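When you get a sec, could you give me coordinates for this:
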Amino acid sequence: MVQVLKEQLRRSILSAAEEEFMQHGYAHSSVKRIAQKVGISVGNLYRYYDGKEALFDAVVEPAFHELERLMRNPEPRVQQSEPMLEQIVFALTDLSEACRRPLLILIDGSKGTPREEAVHALYEQMTGNVISHMRAYNAKAGRDVFAEQAAWPVAVAFLQGYFEIIRRHAQREEREAMVRQYVAFWYEGLRAFL
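Below is the predicted model of the structure:
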């Protein structure tokens with residue numbers, strides 16, 4: 001019974017911390033406010049978590065690991081027989097469904113933490129993907145149509161648009177529809193060049 005209560009309190013602390021980080025980001029969040037939301041003392045909170053950084057890590061860890069997985073293995077978890085557009089839509093929707101709020105905290109509220117570089121790493125991964133498409137297009141065209149320096153802003157623009165969809169659409173169905181439209185717009189635009 002005591003163990004169950006401890007686990008409930010741990011979940012309550014994490015929930016309050018998630019809310020605090022969503023509202024204020026890491027830099028402006030307060031362990032005192034988190035403890036107050038749960039109805040415990042700061043000292044009692046420290047029995048469960050060593051401090052604000054440990055709380056932050058506990059909240060964003062699922063999103064961070066999912067981003068790492070996507071960066072290491074960008075292949076979506078769907079049938080290869082599905083069209084590429086659907087594979088991309090599924091992967092992006094799946095990511096945002098699995099850990100939407102922690103992902104938003106990681107994207108928007110991680111300044112001042114070791115995790116603030118996660119989004120930059122994602123930009124770099126996407127830039128590599130864009131470069132490979134540019135090289136393929138240039139090879140097909142038989143000349144350098146696209147300079148690789150353009151890959152970074154293209155990658156950042158794509159991901160920022162995706163992050164905006166996650167911010168604005170809390171419901172999976174809405175988010176999936178918007179991701180589908182967004183990816184289709186980019187995909188059709190790229191196909192026009194290819």
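
From here on, just use CA atoms for contacts and neighbour counts.
Noted.

Make sure residue 49 is actually in contact with residue 55.
Yes - between residue 49 and residue 55 a contact is recorded at 6.2 Å, counting by Cα atoms under 8 Å.

Looking at the two, which has the bigger crowd around it?
Comparing residue 49 with residue 55 by other Cα atoms under 10 Å, the one with more neighbours is residue 55, at 23 against 17.

what helix or strand is the more buried one on?
helix 52-72 (DSSP states H and E).

and the residue of the chain most remote from its centre, backbone torsions?
The outermost residue of the chain relative to its centre, with distances by Cα atoms, centre = their mean, is residue 142 at 36.8 Å. Per-residue torsions, residue 142: phi 80, psi 10 (degrees, to the nearest 10).

And the one 5 residues further on, by the same measure?
Geometry field for residue 147 lists phi and psi as phi -80, psi 140, criterion degrees, to the nearest 10.

Identify the residues contacting it.
Residues counted as contacts of residue 147 (Cα atoms under 8 Å, 6 or more residues apart in numbering) are residue 134.

Quick check: pLDDT value at it.
Residue 147 carries a pLDDT value of 91.

What of the one 5 residues further on?
The pLDDT attached to residue 152 in the predicted structure is 95.

Can you list the neighbours in contact with stretch 154-161?
With contacts defined as Cα under 8 Å, 6+ apart, stretch 154-161 is touched by 123, 126-127, 130.

Let's see which of those residues end up in helices.
Judged by DSSP state H, the contacts of stretch 154-161 include 123, 126-127, 130 as members of helices.

what about residue 120, how many neighbours?
Residue 120 has 13 nearby residues by other Cα under 10 Å.
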